[in-house]
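In: Sequence first, predicted model second:
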Amino acid sequence: MNVYEGSLVATGLKVAVVVARFNALVTEQLLSGALDALRRHGVKDADLDVFRCPGTFELPPVLRRVARSGRYDAVVALGAVIRGGTPHFEYVAGEATKGIGLVSMEADCAVTMGVLTCDTMEQALERAGVKAGNKGAEAAVAAIEQANVLREAAKLAAPRRRD
Ligand code: INI
């Protein structure tokens, strides 16, 4: 049996983070967590780019262009959708999740999602570094692992020797 998995070593990986400005109090904390995790795993500043978009709804089209540029081994999407008194929350969260999923299926690089969907600002802040970890950092580490396992999987496509 062969087991293929991605390491958490990010030396040499090129990574982009796409972050929504809406609920910036939360998303800036997700971004700090993601950048900190990427650097601590070995990504060099020269190999790290940040793209900002207005809201979580706008993440997928930016993510798609960044992922399709061929410049990155991994792209990380960060946003925070917080429930209000209207169904808007469901539409934004639903469209963003669907769009990020589509990008991940068509991209040749790793795509991960650090989008919070919370009932309250307090819950969101808890998941952005206060007391329930930092989902931006988690999405960044997942991106490293996924980029590395995708590299392993890509090697399977090499033609087999017939001798
Ligand atoms: N965008 C978010 O990132 N989070 C939210 O909680 C949110 N809510 O609830 O309205 C939100 N709305 C803006 C949306 O993402 C778009 O930027 C806007 O609709 C313009 O297209």
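Out: Perfect, I can see it now. Because the structure is predicted, anything quoted here is derived from the model rather than measured.

In: Going by neighbour count, which residues in the top helix by length along the chain are buried?
Out: Longest helix of the chain, by residue count under DSSP state H: helix 135-155. Neighbour counts over helix 135-155 (16 or more other Cβ atoms under 10 Å) mark 135-148, 150 as buried. All C-beta spots, glycine's among them, are computed from the backbone N, C-alpha and C.

In: Say whether the ligand is contacted by it.
Out: No - counting by Cβ under 6 Å from any ligand atom, the ligand is not contacted by helix 135-155; separation bottoms out at 13.8 Å.

In: Check which helices and strands that helix sits against.
Out: In terms of contacts (3 or more Cβ pairs under 8 Å, 6 or more residues apart in numbering; DSSP states H and E), helix 135-155 is packed against strand 15-20, helix 24-40, strand 74-82, strand 110-118.

In: tilt between the third one and strand 110-118?
Out: What separates the directions of strand 74-82 and strand 110-118 is an angle of 10 degrees, with axes from the mean of the first three to the mean of the last three Cα atoms, to 10 degrees.

In: Likewise for the longest one?
Out: Put simply, helix 24-40 runs at 150 degrees to strand 110-118, going by the same axes, to 10 degrees.

In: Counting by contacts, list what helix 24-40 packs against.
Out: Packed next to helix 24-40, using 3+ Cβ pairs under 8 Å, 6+ apart, are strand 15-20, strand 48-53, strand 74-82, strand 110-118, helix 121-126, helix 135-155.

In: what does the average pLDDT come to for the longest one?
Out: In this model, helix 135-155 has a mean pLDDT of 97.

In: Pull the CA coordinates from it and hand them back as CSV.
Out: Extracted C-alpha coordinates of helix 135-155, given in CSV (Å, rounded to 0.1, in the frame of the first residue of the first chain):
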residue,chain,number,x,y,z
LYS,A,135,-9.5,30.0,11.2
GLY,A,136,-7.3,32.1,9.0
ALA,A,137,-4.2,30.3,10.3
GLU,A,138,-6.0,26.9,10.0
ALA,A,139,-6.9,27.7,6.3
ALA,A,140,-3.3,28.7,5.7
VAL,A,141,-1.9,25.4,7.2
ALA,A,142,-4.5,23.4,5.2
ALA,A,143,-3.3,25.2,2.0
ILE,A,144,0.3,24.1,2.7
GLU,A,145,-0.7,20.5,3.2
GLN,A,146,-3.0,20.5,0.2
ALA,A,147,-0.3,22.1,-2.1
ASN,A,148,2.1,19.4,-1.0
VAL,A,149,-0.3,16.5,-1.5
LEU,A,150,-1.3,17.9,-4.9
ARG,A,151,2.3,17.9,-5.9
GLU,A,152,2.5,14.2,-4.9
ALA,A,153,-0.7,13.5,-6.9
ALA,A,154,0.6,15.3,-9.9
LYS,A,155,3.6,13.0,-10.1
